[in-house]
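J.: Mind folding the following:
(one chain, ligands or ions: 1)
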Amino acid sequence: MRLDDLFDLIPLGLLRGVIFVFGLLWGSFLNVVIYRVPRELSVVRPASHCPACGEPIAPWDNIPVVSYLLLRGRARCCGARMSPRYPLVELIGGALSLAVFEVFVLGLPGSTSVGRAAAIYGADFALCLGLVAAAFIDAEHMYLPDAITLGGIVLGVFTATLRGLPLTESLLGAAAGFVGVWFPFIFLYKGLLGRTGMGLGDAKLLGLAGAWFGWPGAVFALFAGAVQGTVYALGLRVLGIEPKLPAAVLEEIAELEKAAAAGDEEAKKALAEDPLTEDEDDAFIVRFFQRLFGLRRDAANGEGDASPATPSAEPESAVGGTSSASEPSTAAGETTGGETTGGETSGGEPTAEEPEPSAPTMRARIPFGPFLILAMLELLFARDWLESHLLPALWPEP
Ligand SMILES: [Zn+2]
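T.: Down below sits the predicted model:
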(Lines give C-alpha, C1' and ligand atoms only; values in the text may rest on other atoms or scores of the structure.)
Protein backbone atom coordinates (compact mmCIF):
# COMPACT_ATOMS: atom_id res chain seq x y z
CA MET A 1 0.00 0.00 0.00
CA ARG A 2 1.26 3.44 -0.92
CA LEU A 3 0.82 6.69 0.97
CA ASP A 4 -1.47 7.97 -1.82
CA ASP A 5 -3.81 5.03 -1.24
CA LEU A 6 -3.83 5.65 2.51
CA PHE A 7 -4.72 9.32 2.04
CA ASP A 8 -7.52 8.31 -0.35
CA LEU A 9 -8.86 5.92 2.25
CA ILE A 10 -8.67 8.08 5.37
CA PRO A 11 -9.34 11.84 5.39
CA LEU A 12 -6.20 13.76 6.30
CA GLY A 13 -7.96 15.58 9.16
CA LEU A 14 -8.91 12.31 10.81
CA LEU A 15 -5.40 10.97 10.34
CA ARG A 16 -3.95 14.08 11.99
CA GLY A 17 -6.36 13.67 14.90
CA VAL A 18 -5.35 10.04 15.39
CA ILE A 19 -1.66 10.94 15.21
CA PHE A 20 -2.13 13.72 17.77
CA VAL A 21 -4.02 11.50 20.24
CA PHE A 22 -1.41 8.77 19.73
CA GLY A 23 1.22 11.36 20.72
CA LEU A 24 -0.77 12.42 23.80
CA LEU A 25 -0.86 8.81 24.99
CA TRP A 26 2.89 8.48 24.55
CA GLY A 27 3.29 11.78 26.38
CA SER A 28 1.36 10.22 29.24
CA PHE A 29 3.82 7.31 29.23
CA LEU A 30 6.69 9.81 29.21
CA ASN A 31 5.41 11.16 32.52
CA VAL A 32 5.81 7.68 33.92
CA VAL A 33 9.33 7.43 32.50
CA ILE A 34 10.34 10.86 33.81
CA TYR A 35 9.12 9.98 37.28
CA ARG A 36 10.26 6.38 37.54
CA VAL A 37 13.53 6.01 35.62
CA PRO A 38 15.55 8.31 37.92
CA ARG A 39 14.08 6.49 40.92
CA GLU A 40 15.08 3.15 39.41
CA LEU A 41 11.49 1.88 39.30
CA SER A 42 9.97 -0.24 36.56
CA VAL A 43 8.17 1.78 33.91
CA VAL A 44 5.77 -1.10 33.25
CA ARG A 45 4.57 -2.16 36.69
CA PRO A 46 2.74 -1.30 38.84
CA ALA A 47 0.03 0.73 37.12
CA SER A 48 -0.04 4.47 37.69
CA HIS A 49 -0.52 5.55 41.26
CA CYS A 50 -0.75 8.90 42.99
CA PRO A 51 2.74 10.17 43.82
CA ALA A 52 1.33 11.86 46.95
CA CYS A 53 -0.68 9.09 48.66
CA GLY A 54 0.08 5.98 46.61
CA GLU A 55 -3.53 5.22 45.65
CA PRO A 56 -3.90 3.59 42.22
CA ILE A 57 -5.19 5.99 39.58
CA ALA A 58 -8.30 4.84 37.72
CA PRO A 59 -7.96 4.74 33.93
CA TRP A 60 -10.67 7.40 33.50
CA ASP A 61 -8.65 9.72 35.74
CA ASN A 62 -5.57 9.10 33.61
CA ILE A 63 -6.77 10.50 30.28
CA PRO A 64 -4.08 12.80 28.89
CA VAL A 65 -4.74 16.51 29.49
CA VAL A 66 -8.52 15.93 29.84
CA SER A 67 -8.32 14.41 33.31
CA TYR A 68 -6.04 17.17 34.54
CA LEU A 69 -8.53 19.78 33.37
CA LEU A 70 -11.59 17.93 34.71
CA LEU A 71 -9.96 17.42 38.11
CA ARG A 72 -8.68 21.01 38.08
CA GLY A 73 -5.12 19.90 38.67
CA ARG A 74 -5.83 17.94 41.85
CA ALA A 75 -5.66 14.23 42.53
CA ARG A 76 -9.07 12.63 43.07
CA CYS A 77 -7.80 10.40 45.86
CA CYS A 78 -6.21 12.86 48.26
CA GLY A 79 -6.60 16.28 46.66
CA ALA A 80 -2.85 16.69 46.23
CA ARG A 81 -1.94 19.27 43.61
CA MET A 82 -0.72 17.65 40.40
CA SER A 83 2.26 19.19 38.72
CA PRO A 84 1.37 21.08 35.54
CA ARG A 85 4.27 19.13 34.10
CA TYR A 86 1.92 16.20 33.53
CA PRO A 87 -0.42 17.87 30.99
CA LEU A 88 2.55 19.81 29.58
CA VAL A 89 4.51 16.65 28.77
CA GLU A 90 1.36 15.07 27.32
CA LEU A 91 0.83 18.07 25.06
CA ILE A 92 4.48 18.02 24.02
CA GLY A 93 4.02 14.35 23.07
CA GLY A 94 0.95 15.20 20.98
CA ALA A 95 2.60 18.19 19.33
CA LEU A 96 5.79 16.30 18.45
CA SER A 97 3.85 13.35 17.07
CA LEU A 98 1.92 15.68 14.79
CA ALA A 99 5.07 17.59 13.86
CA VAL A 100 6.88 14.38 12.85
CA PHE A 101 3.88 13.42 10.73
CA GLU A 102 3.66 16.83 9.04
CA VAL A 103 7.36 17.24 8.37
CA PHE A 104 8.52 13.72 7.65
CA VAL A 105 5.50 11.72 6.46
CA LEU A 106 3.66 14.37 4.46
CA GLY A 107 7.00 15.36 2.95
CA LEU A 108 7.42 11.93 1.38
CA PRO A 109 6.45 11.23 -2.23
CA GLY A 110 2.99 9.70 -2.55
CA SER A 111 4.48 6.56 -4.02
CA THR A 112 6.25 5.72 -0.75
CA SER A 113 5.02 2.53 0.86
CA VAL A 114 3.02 2.96 4.05
CA GLY A 115 5.41 0.60 5.82
CA ARG A 116 8.40 2.77 5.03
CA ALA A 117 6.51 5.90 6.04
CA ALA A 118 5.52 4.27 9.32
CA ALA A 119 9.14 3.29 9.98
CA ILE A 120 10.29 6.86 9.37
CA TYR A 121 7.54 8.23 11.61
CA GLY A 122 8.31 5.65 14.30
CA ALA A 123 12.05 6.33 14.34
CA ASP A 124 11.76 10.12 14.43
CA PHE A 125 8.96 10.12 17.00
CA ALA A 126 10.92 7.68 19.19
CA LEU A 127 13.87 10.09 19.04
CA CYS A 128 11.59 12.95 20.11
CA LEU A 129 10.16 10.96 23.02
CA GLY A 130 13.59 9.91 24.26
CA LEU A 131 14.92 13.45 24.03
CA VAL A 132 11.95 14.96 25.88
CA ALA A 133 12.24 12.39 28.66
CA ALA A 134 15.98 13.01 28.92
CA ALA A 135 15.49 16.79 29.04
CA PHE A 136 13.01 16.62 31.91
CA ILE A 137 15.04 14.03 33.83
CA ASP A 138 18.20 16.10 33.42
CA ALA A 139 16.44 19.28 34.49
CA GLU A 140 15.14 17.60 37.63
CA HIS A 141 17.93 15.20 38.56
CA MET A 142 20.93 16.49 36.62
CA TYR A 143 21.76 13.25 34.95
CA LEU A 144 21.06 11.67 31.58
CA PRO A 145 20.03 7.99 31.69
CA ASP A 146 22.18 5.65 29.61
CA ALA A 147 19.05 3.83 28.50
CA ILE A 148 18.09 6.95 26.58
CA THR A 149 21.47 8.23 25.38
CA LEU A 150 23.03 4.88 24.47
CA GLY A 151 19.71 3.46 23.31
CA GLY A 152 19.28 6.54 21.13
CA ILE A 153 22.72 6.03 19.57
CA VAL A 154 21.85 2.43 18.69
CA LEU A 155 18.48 3.44 17.22
CA GLY A 156 20.13 6.28 15.33
CA VAL A 157 22.69 3.96 13.75
CA PHE A 158 20.11 1.32 12.83
CA THR A 159 17.74 3.84 11.24
CA ALA A 160 20.41 5.98 9.56
CA THR A 161 19.62 4.80 6.05
CA LEU A 162 15.93 5.72 6.55
CA ARG A 163 17.14 9.31 6.79
CA GLY A 164 19.44 8.96 3.80
CA LEU A 165 22.47 9.04 6.07
CA PRO A 166 25.11 6.44 5.13
CA LEU A 167 25.79 3.97 7.94
CA THR A 168 29.45 4.93 8.10
CA GLU A 169 28.59 8.58 8.57
CA SER A 170 26.21 7.70 11.36
CA LEU A 171 28.88 5.67 13.14
CA LEU A 172 31.49 8.33 12.51
CA GLY A 173 29.12 10.99 13.79
CA ALA A 174 28.39 9.05 16.97
CA ALA A 175 32.10 8.63 17.65
CA ALA A 176 32.88 12.25 16.80
CA GLY A 177 30.08 13.55 19.01
CA PHE A 178 31.16 11.47 21.97
CA VAL A 179 34.90 12.02 21.65
CA GLY A 180 34.37 15.69 20.79
CA VAL A 181 32.97 16.23 24.25
CA TRP A 182 34.78 13.53 26.15
CA PHE A 183 38.31 14.43 25.06
CA PRO A 184 38.42 18.19 25.71
CA PHE A 185 35.85 18.57 28.44
CA ILE A 186 36.33 15.38 30.40
CA PHE A 187 39.69 13.81 29.66
CA LEU A 188 41.82 16.94 29.23
CA TYR A 189 39.90 18.94 31.78
CA LYS A 190 40.31 16.22 34.37
CA GLY A 191 43.93 15.71 33.54
CA LEU A 192 44.75 19.39 33.79
CA LEU A 193 42.42 20.53 36.53
CA GLY A 194 41.60 17.35 38.41
CA ARG A 195 37.87 17.51 37.74
CA THR A 196 35.43 17.02 34.94
CA GLY A 197 34.29 19.95 32.89
CA MET A 198 31.19 18.28 31.53
CA GLY A 199 29.26 15.15 32.31
CA LEU A 200 29.75 11.85 30.56
CA GLY A 201 26.03 12.01 29.89
CA ASP A 202 26.59 15.09 27.73
CA ALA A 203 29.21 13.21 25.72
CA LYS A 204 26.79 10.35 25.12
CA LEU A 205 24.07 12.80 24.17
CA LEU A 206 26.38 14.42 21.61
CA GLY A 207 27.16 10.92 20.36
CA LEU A 208 23.42 10.51 19.84
CA ALA A 209 23.31 13.75 17.86
CA GLY A 210 26.14 12.46 15.67
CA ALA A 211 24.46 9.08 15.14
CA TRP A 212 21.27 10.77 13.94
CA PHE A 213 22.60 13.77 12.03
CA GLY A 214 26.25 13.00 11.29
CA TRP A 215 29.15 14.91 12.81
CA PRO A 216 27.95 18.33 11.61
CA GLY A 217 24.79 17.70 13.63
CA ALA A 218 26.85 17.06 16.75
CA VAL A 219 28.79 20.28 16.16
CA PHE A 220 25.56 22.21 15.68
CA ALA A 221 23.98 20.73 18.83
CA LEU A 222 27.01 21.60 20.93
CA PHE A 223 27.19 25.23 19.82
CA ALA A 224 23.49 25.93 19.52
CA GLY A 225 22.99 24.29 22.92
CA ALA A 226 25.71 26.43 24.44
CA VAL A 227 24.33 29.62 22.94
CA GLN A 228 20.81 28.82 24.13
CA GLY A 229 22.02 27.86 27.59
CA THR A 230 23.82 31.16 27.79
CA VAL A 231 20.75 33.08 26.66
CA TYR A 232 18.78 31.29 29.37
CA ALA A 233 21.37 32.11 32.02
CA LEU A 234 21.41 35.70 30.83
CA GLY A 235 17.61 35.84 30.99
CA LEU A 236 17.65 34.57 34.57
CA ARG A 237 20.22 37.18 35.46
CA VAL A 238 18.25 40.00 33.85
CA LEU A 239 15.17 38.89 35.79
CA GLY A 240 17.21 38.69 38.96
CA ILE A 241 16.57 34.97 39.41
CA GLU A 242 19.39 33.01 40.95
CA PRO A 243 19.42 29.52 39.41
CA LYS A 244 19.24 26.87 42.09
CA LEU A 245 19.99 23.21 42.02
CA PRO A 246 16.82 21.17 41.47
CA ALA A 247 15.08 20.02 44.64
CA ALA A 248 15.75 16.37 43.87
CA VAL A 249 19.49 17.02 43.64
CA LEU A 250 19.55 19.03 46.86
CA GLU A 251 17.72 16.20 48.62
CA GLU A 252 20.27 13.72 47.34
CA ILE A 253 23.14 15.87 48.60
CA ALA A 254 21.40 16.40 51.96
CA GLU A 255 20.98 12.64 52.33
CA LEU A 256 24.62 12.04 51.50
CA GLU A 257 25.67 14.68 54.00
CA LYS A 258 23.52 13.11 56.70
CA ALA A 259 25.02 9.70 55.99
CA ALA A 260 28.52 11.14 55.93
CA ALA A 261 27.95 12.90 59.26
CA ALA A 262 26.86 9.55 60.69
CA GLY A 263 30.14 8.06 59.56
CA ASP A 264 29.18 6.41 56.29
CA GLU A 265 32.46 6.07 54.40
CA GLU A 266 30.82 5.59 51.04
CA ALA A 267 28.77 8.75 51.43
CA LYS A 268 31.91 10.65 52.37
CA LYS A 269 33.63 9.35 49.31
CA ALA A 270 30.67 10.27 47.12
CA LEU A 271 30.68 13.78 48.52
CA ALA A 272 34.42 14.12 48.14
CA GLU A 273 34.08 13.21 44.51
CA ASP A 274 31.24 15.67 44.20
CA PRO A 275 28.10 13.87 43.11
CA LEU A 276 27.50 16.49 40.49
CA THR A 277 30.67 16.38 38.53
CA GLU A 278 31.28 12.69 38.22
CA ASP A 279 28.74 11.48 35.76
CA GLU A 280 26.58 14.47 35.53
CA ASP A 281 26.15 17.83 34.03
CA ASP A 282 28.37 20.66 34.95
CA ALA A 283 27.24 23.03 32.24
CA PHE A 284 30.85 23.84 31.62
CA ILE A 285 30.02 25.33 28.26
CA VAL A 286 27.36 27.50 29.80
CA ARG A 287 29.84 28.82 32.34
CA PHE A 288 32.41 29.30 29.62
CA PHE A 289 30.05 31.53 27.68
CA GLN A 290 28.96 33.30 30.82
CA ARG A 291 32.55 34.15 31.56
CA LEU A 292 33.16 35.09 27.96
CA PHE A 293 30.36 37.63 28.11
CA GLY A 294 31.26 38.74 31.61
CA LEU A 295 28.10 37.34 33.13
CA ARG A 296 29.60 35.65 36.11
CA ARG A 297 29.25 37.67 39.22
CA ASP A 298 31.35 35.57 41.55
CA ALA A 299 34.33 35.16 39.28
CA ALA A 300 34.92 38.80 38.54
CA ASN A 301 34.11 40.72 41.68
CA GLY A 302 33.83 37.99 44.25
CA GLU A 303 30.52 39.29 45.47
CA GLY A 304 28.81 36.01 46.08
CA ASP A 305 26.97 37.17 49.18
CA ALA A 306 24.43 39.28 47.35
CA SER A 307 22.72 36.23 45.96
CA PRO A 308 19.55 34.86 47.52
CA ALA A 309 21.07 31.41 47.32
CA THR A 310 23.66 32.15 49.95
CA PRO A 311 21.43 32.19 53.03
CA SER A 312 20.05 28.78 52.19
CA ALA A 313 23.50 27.52 51.45
CA GLU A 314 25.13 28.47 54.70
CA PRO A 315 23.11 26.55 57.26
CA GLU A 316 23.49 23.47 55.14
CA SER A 317 27.22 23.63 54.94
CA ALA A 318 27.35 24.48 58.62
CA VAL A 319 25.52 21.27 59.50
CA GLY A 320 27.31 18.89 57.24
CA GLY A 321 30.91 19.38 58.26
CA THR A 322 32.41 17.87 55.17
CA SER A 323 29.91 19.62 52.99
CA SER A 324 30.14 19.06 49.32
CA ALA A 325 29.31 22.70 48.88
CA SER A 326 32.96 23.55 49.03
CA GLU A 327 34.19 20.81 46.79
CA PRO A 328 36.51 21.90 44.03
CA SER A 329 33.66 21.69 41.59
CA THR A 330 33.63 25.32 40.72
CA ALA A 331 34.68 26.80 37.47
CA ALA A 332 38.28 27.34 36.66
CA GLY A 333 39.75 30.73 37.20
CA GLU A 334 37.84 31.54 40.36
CA THR A 335 40.79 31.66 42.61
CA THR A 336 40.31 35.34 43.21
CA GLY A 337 36.81 34.80 44.48
CA GLY A 338 37.64 34.20 48.14
CA GLU A 339 36.01 36.69 50.46
CA THR A 340 34.86 37.17 53.98
CA THR A 341 31.87 34.87 54.21
CA GLY A 342 34.16 31.90 53.99
CA GLY A 343 35.60 32.45 57.42
CA GLU A 344 32.60 31.65 59.54
CA THR A 345 31.48 28.36 58.06
CA SER A 346 34.58 26.72 56.72
CA GLY A 347 36.24 26.40 60.12
CA GLY A 348 37.15 22.75 59.99
CA GLU A 349 37.28 22.38 56.27
CA PRO A 350 40.39 21.49 54.40
CA THR A 351 39.64 23.80 51.52
CA ALA A 352 42.56 25.94 50.60
CA GLU A 353 42.11 28.89 48.35
CA GLU A 354 38.47 28.98 47.47
CA PRO A 355 36.39 28.81 50.61
CA GLU A 356 32.78 29.88 50.35
CA PRO A 357 32.03 31.28 46.92
CA SER A 358 31.80 27.73 45.70
CA ALA A 359 28.51 27.22 47.54
CA PRO A 360 26.43 29.67 45.55
CA THR A 361 28.25 28.62 42.41
CA MET A 362 27.29 25.02 42.87
CA ARG A 363 23.71 26.02 43.44
CA ALA A 364 23.87 28.14 40.32
CA ARG A 365 24.74 25.24 38.10
CA ILE A 366 22.38 24.79 35.18
CA PRO A 367 22.03 21.39 33.53
CA PHE A 368 23.28 21.48 29.97
CA GLY A 369 21.35 18.49 28.64
CA PRO A 370 18.03 20.27 28.06
CA PHE A 371 19.77 22.88 25.91
CA LEU A 372 21.58 20.25 23.86
CA ILE A 373 18.25 18.51 23.40
CA LEU A 374 16.49 21.70 22.35
CA ALA A 375 19.18 22.19 19.71
CA MET A 376 18.73 18.62 18.49
CA LEU A 377 14.97 19.06 18.12
CA GLU A 378 15.56 22.26 16.18
CA LEU A 379 17.94 20.37 13.96
CA LEU A 380 15.44 17.56 13.47
CA PHE A 381 12.58 19.79 12.39
CA ALA A 382 14.34 22.74 10.78
CA ARG A 383 17.35 21.06 9.26
CA ASP A 384 16.65 22.27 5.71
CA TRP A 385 16.34 25.84 6.86
CA LEU A 386 19.43 25.59 9.04
CA GLU A 387 21.42 24.03 6.25
CA SER A 388 20.57 26.74 3.77
CA HIS A 389 20.63 29.75 6.08
CA LEU A 390 22.75 29.19 9.09
CA LEU A 391 25.32 26.55 8.40
CA PRO A 392 26.14 26.23 4.71
CA ALA A 393 29.73 25.66 5.70
CA LEU A 394 28.90 22.60 7.82
CA TRP A 395 26.96 20.73 5.17
CA PRO A 396 28.93 21.21 1.96
CA GLU A 397 26.96 20.74 -1.24
CA PRO A 398 27.25 17.15 -2.43
ZN1 LIG B 1 -3.44 10.79 46.16
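J.: Any stretches of the stretch 101-250 of the chain with poor pLDDT?
T.: 187-198 (pLDDT under 70).
J.: Which residue ranges of it form helices?
T.: For the stretch 101-250 of the chain, applying DSSP state H, counting those that start in this stretch gives helices covering 114-141, 146-158, 167-181, 189-193, 200-238, 247-261.
J.: Could you dump those into a markdown table and include distance to Glu102 and mean neighbour count?
T.: No exception for glycine: its C-beta is placed from N, CA and C like everyone else's. What follows is the helices of the stretch 101-250 of the chain, written out as a markdown table (distance: least, C-beta to C-beta, whole Å; neighbours: other C-beta atoms under 10 Å):
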| stretch | distance to Glu102 | mean neighbour count |
| --- | --- | --- |
| helix 114-141 | 11 | 20 |
| helix 146-158 | 21 | 19 |
| helix 167-181 | 25 | 20 |
| helix 189-193 | 41 | 12 |
| helix 200-238 | 19 | 23 |
| helix 247-261 | 35 | 16 |
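J.: any chance of those in TSV, plus distance to Leu41?
T.: Shown next, in TSV, are the helices of the stretch 101-250 of the chain (distance: least, C-beta to C-beta, whole Å):
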stretch	distance to Leu41
helix 114-141	13
helix 146-158	13
helix 167-181	28
helix 189-193	32
helix 200-238	20
helix 247-261	14
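J.: how about those helices in CSV, adding distance to the ion?
T.: Supplementary listing: the helices of the stretch 101-250 of the chain in CSV, determined by distance: least, C-beta to the ion, whole Å:
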stretch, distance to the ion
helix 114-141, 20
helix 146-158, 28
helix 167-181, 41
helix 189-193, 45
helix 200-238, 32
helix 247-261, 19
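J.: Any idea which of those helices gets closest to Ile373?
T.: Nearest to Ile373 among the helices of the stretch 101-250 of the chain is helix 114-141; the distance by C-beta to C-beta comes to 4.3 Å.
J.: do you know which of the helices of the stretch 101-250 of the chain lies nearest Ala375?
T.: helix 200-238 (3.7 Å).
J.: Next, the angle helix 146-158 makes with the closest one.
T.: 110 degrees (axes from the mean of the first three to the mean of the last three C-alpha atoms, to 10 degrees).
J.: helix or strand for Pro370, which one?
T.: Of the helices and strands defined by DSSP states H and E, Pro370 is found in helix 369-385.
J.: Just want the angle from that helix to helix 167-181.
T.: Interaxial angle of helix 369-385 relative to helix 167-181 (the same axes, to 10 degrees): 140 degrees.
J.: So which other helices or strands are in contact with helix 369-385?
T.: helix 114-141, helix 200-238 (3 or more C-beta pairs under 8 Å, 6 or more residues apart in numbering; DSSP states H and E).
J.: Report all helices and strands that the last one contacts.
T.: Packing contacts for helix 200-238, counted by 3+ C-beta pairs under 8 Å, 6+ apart, involve helix 114-141, helix 146-158, helix 167-181, helix 284-292, helix 369-385.
J.: how about those, which one is nearest Leu208?
T.: The nearest among those, by C-beta to C-beta, is helix 146-158 at 4.2 Å.
J.: need the helices and strands packed on helix 369-385 in CSV with distance to Leu71, can you?
T.: Conversion of the helices and strands packed on helix 369-385 to CSV gives the following (distance: least, C-beta to C-beta, whole Å):
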stretch, distance to Leu71
helix 114-141, 22
helix 200-238, 32
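J.: Of all the helices of the stretch 101-250 of the chain, which one comes closest to Val105?
T.: Nearest of those to Val105, taken as C-beta to C-beta: helix 114-141 at 5.1 Å.
J.: Any residues of this protein in contact with the ion? List them.
T.: Cys50, Ala52, Cys53, Glu55, Ala75, Cys77, Cys78 (C-beta under 5 Å from the ion).
J.: of those residues, buried ones?
T.: Using 16 or more other C-beta atoms under 10 Å as the burial test, the residues of the chain next to the ion include Cys50, Ala75, Cys77 as buried.
J.: The last one and Cys50 touch, don't they?
T.: Yep, that's Cys77 we're talking about. Yes. The pair Cys77 / Cys50 is scored as a contact, 5.1 Å apart, by C-beta atoms under 8 Å.
J.: residues in contact with the closest residue to Cys78 other than its chain neighbours?
T.: Nearest residue to Cys78, sequence neighbours excluded (C-beta to C-beta, 6 or more residues apart in numbering): Cys53, at 4.1 Å. Contacts for Cys53 (C-beta atoms under 8 Å, 6 or more residues apart in numbering) come out as Ala75, Cys77, Cys78, Ala80.
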